[in-house]
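Asks: Pasting the sequence and the predicted coordinates here, then a few questions.
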Amino acid sequence: MARYTGPKSKIARRFKDPIFGPDKALDRRSYGPGQHGPNKRRGKQSEYAIQLSEKQKAKYTYGILERQFSNLFEKASRMKGITGEVLLQLCEGRLDNTVYRLGIAPTRRAARQFVSHKHITVNGSVVNVPSYALKVGDVVGVREKSKSLEAISNSLAAKTTSFDWLDWNPSQLAGKVVGVPTREMIPENIKEQLIVELYSK
């Protein structure tokens, strides 16, 4: 299964944003990685470099590789609405991201693992494809045999945020997709318009 498995702190420091969650390394050294540290002189970034950086940031945030991300952009560009916003909605609608948003997993990486290890169901059937695209009305739940998993219990106990486009049922350990998230409902610090400009060249 293709996915990024490299160092997370180095990537977070590159973008100066905790894209993988709270990061002590980023708190201690809030400058880019490299042997010269914060003293390294960096020239002014070109427009292309800024746009490329934003695309890379979005890819790492959602755990999507280049070809998948390119395909998502093509799909978004064919759909009605603002392309950048639709692109983020497609990323949010992935099964692994929704499992993370529901609080079943503490991180997107953990959510991806839960899905691939067949702990997650969609409308009552086990789905082990992290990129599975959910639709409004779909119900994402924890498989009956997996409800006692300590990792899932701990994650749900630590859950502090909820999202208007998801309706969580704690008694059944299941959440329903009740709508498509608007840009205001997506907390990620991503400038999607820069990604659109990059792909439009």
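Replies: On my side now, so go ahead. Just so you know, these numbers come straight off a predicted model, no measurement behind them.
Asks: Which residue, neighbours along the chain excluded, lies closest to residue 106?
Replies: residue 155 (4.6 Å; Cβ to Cβ, 6 or more residues apart in numbering). Glycine gets a C-beta too; all of them are placed from N, C-alpha and C.
Asks: hang on, residue 48 is in a helix, isn't it?
Replies: Yes. Assigned with DSSP: H, G, I helix; E, B strand; the rest coil, residue 48 falls within a helix.
Asks: Dump stretch 172-182 to CSV, keeping only the CA atoms.
Replies: Output of stretch 172-182 as CSV, limited to C-alpha atoms (Å, rounded to 0.1, in the frame of the first residue of the first chain):
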residue,chain,number,x,y,z
GLN,A,172,-23.5,2.6,18.2
LEU,A,173,-19.9,3.9,17.6
ALA,A,174,-21.0,5.1,14.2
GLY,A,175,-21.2,8.4,12.4
LYS,A,176,-23.4,9.6,9.5
VAL,A,177,-22.3,11.9,6.7
VAL,A,178,-25.1,14.4,6.8
GLY,A,179,-23.8,17.0,4.4
VAL,A,180,-20.8,18.2,2.3
PRO,A,181,-18.4,20.4,4.4
THR,A,182,-18.2,24.1,3.4
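Asks: What mean pLDDT does it get?
Replies: With pLDDT averaged residue by residue, stretch 172-182 scores 96.
Asks: in it, what counts as buried?
Replies: Under the neighbour-count criterion of 16 or more other Cβ atoms under 10 Å, stretch 172-182 has 173, 174, 175, 176, 177, 180, 181 buried.
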